[in-house]
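Chemist: Predicted model and sequence below, questions to follow.
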Amino acid sequence: MSEGTVATQHTYVPLWRVRLNLFLRSLRTNWALFAENPIGLIGLGIIIFFGLFALAHPILMNTVWPSKIYDPVSGYDMEVAFHPAPPSPRHLLGTDPLGRDVLSQLMYSTRYEFALGILSAVVTVVIATTIGAVSAYYGGIIDTLFMRLADLVIMVPFLPILIVLSALTEVGMIELALVIGILSGFGGTTIVIKSQALAIKVKPFIEAARVSGGGDFHIIFRHLIPNLLPISLLYMMFVVTGAIFSEAVLSFFGLTTIQMSWGIMINTTQLFGYLLRFDTWWLLIPASLAITTLCAAFYLVGRALDEVVNPRLRRR
């Protein structure tokens with residue numbers, strides 16, 4: 001019998017197929033647990049809605065909306081006498097003080113909010129999971145150095161760092177995502193994942209891998225980190241929420257080079273003096289509601305995943 005196969009009643013099943021079946025079985029079980037929580041389904045539904053909302057924008061721009069009118073950055077409707085214009089059949093959410101369609105801006109910005117949040121979350125999870133696993137496995141001076149670094153990052157105020165950094169250099173979407181991901185990855189997320197890694201480190205299969213001759217690299221990246229991925233996925237949801245909120249704050253103060261985002265929309269409203277005027281509600285409410293709703297959706301999904309990852313929270 002060659003390596004990578006499993007014997008089952010005189011037949012040989014490829015090892016990858018066995019692993020795939022185990023993964024699919026685990027996925028079905030976890031989905032059943034997740035689906036029992038209505039807040040998770042609500043959050044997932046909102047995220048899917050925003051995803052379709054973002055995908056619809058380029059389709060509309062290429063088929064229905066003329067670019068010179070509905071471009072979210074440079075569009076201008078010359079047929080409307082005064083801007084900002086209230087909602088109408090031509091502009092369902094009205095126009096901003098610069099004559100740009102608010103709905104087009106809202107849809108266009110959604111894709112960048114998703115990209116920012118997901119990129120930040122991936123960077124955070126890669127750093128935090130790797131450092132947490134290495135710290136838990138080796139302990140000693142390595143663990144002390146990483147944990148003291150995490151304590152230092154936690155003590156430093158997160159948002160003021162971003163504001164100072166944005167004031168010193170140009171910060172675009174990618175740069176902002178990397179900074180948020182790095183700060184989050186070296187901060188509190190590392191401590192949580194490391195505590196979970198300590199519990200996994202003493203499991204029998206880790207000792208069996210060590211006795212069978214597995215090296216440190218093999219044990220960490222083939223046994224320890226894969227078992228940390230569920231809790232890492234959980235914290236991805238919370239990092240996305242923090243990244244979207246941070247971008248909105250920085251864009252509101254005009255500290256990013258992002259061309260269009262929900263924060264930029266609110267910044268434009270404030271810049272032209274329409275922030276606290278109820279007669280121009282369409283300039284503030286759509287972007288503010290989008291920020292709040294999408295952040296809440298990822299938070300709700302995170303809370304539902306918490307019950308899947310943490311057996312003590314599961315309802316019997």
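Modeler: That came through, no problem. Residues are numbered from 1 along each chain as shown.
Chemist: Please, which helix or strand holds the nearest residue to L233 once chain neighbours are set aside?
Modeler: Using Cβ to Cβ, 6 or more residues apart in numbering and skipping the chain neighbours, the partner closest in space to L233 is L305 (6.6 Å). (C-beta placed from N, C-alpha, C; glycine too.) Using DSSP states H and E, L305 maps to helix 285-309.
Chemist: Run the angle between the helix or strand L233 falls within and helix 285-309 for me.
Modeler: Assessed by DSSP H and E, L233 sits inside helix 225-252. With axes from the mean of the first three to the mean of the last three Cα atoms, to 10 degrees as the basis, helix 225-252 and helix 285-309 are set at 160 degrees to each other.
Chemist: Tell me which residues of helix 225-252 come out buried.
Modeler: 225, 227-228, 231-232, 234-252 (16 or more other Cβ atoms under 10 Å).
Chemist: name the helices or strands packed onto that helix?
Modeler: In terms of contacts (3 or more Cβ pairs under 8 Å, 6 or more residues apart in numbering; DSSP states H and E), helix 225-252 is packed against helix 102-138, helix 158-168, helix 173-185, helix 188-201, helix 262-271, helix 285-309.
Chemist: same thing but 10 Å
Modeler: Contacting helix 225-252 under the criterion 3 or more Cβ pairs under 10 Å, 6 or more residues apart in numbering; DSSP states H and E are the following elements: helix 38-63, helix 102-138, helix 158-168, helix 173-185, helix 188-201, helix 262-271, helix 285-309.
Chemist: Look up how far K201 lies from the residue nearest to L233.
Modeler: 23 Å (Cβ to Cβ, to the nearest Å).
Chemist: With neighbour numbers in mind, choose between the two.
Modeler: Taking neighbours as other Cβ atoms under 10 Å, L305 and K201 compare with L305 leading, 24 against 18.
Chemist: returning to what we had before: ok, the residue nearest to L233 to L44 distance?
Modeler: 10 Å.
Chemist: do the same with V126
Modeler: Per Cβ to Cβ, V126 is found 24 Å from L44.
Chemist: Show me which of those two is the more surrounded one.
Modeler: Remark: of V126 and L44, L44 carries more neighbours, 17 against 13, as counted by other Cβ under 10 Å.
Chemist: Spatially, what comes nearest to the more buried one if we skip its sequence neighbours?
Modeler: Nearest residue to L44 in three dimensions, chain neighbours excluded: V301, at 5.7 Å (Cβ to Cβ, 6+ apart).
Chemist: residue nearest the centroid of this structure?
Modeler: By Cα atoms, centre = their mean, the chain has its centre lying nearest to V240, at 2.8 Å.
Chemist: got the contact list for that residue?
Modeler: Residues near V240 by Cβ atoms under 10 Å, 6 or more residues apart in numbering: 47, 113-114, 116-122, 124, 180, 294-295, 297-299, 301-302.
Chemist: repeat for R111
Modeler: 50-51, 53-55, 57-58.
Chemist: Can you select the buried ones from those residues in ChimeraX?
Modeler: If you want just the buried ones from the contacts of R111 in ChimeraX, going by 16+ other Cβ under 10 Å, the selection is:
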select :50,53,54,57
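Chemist: Sounds good, over and out.
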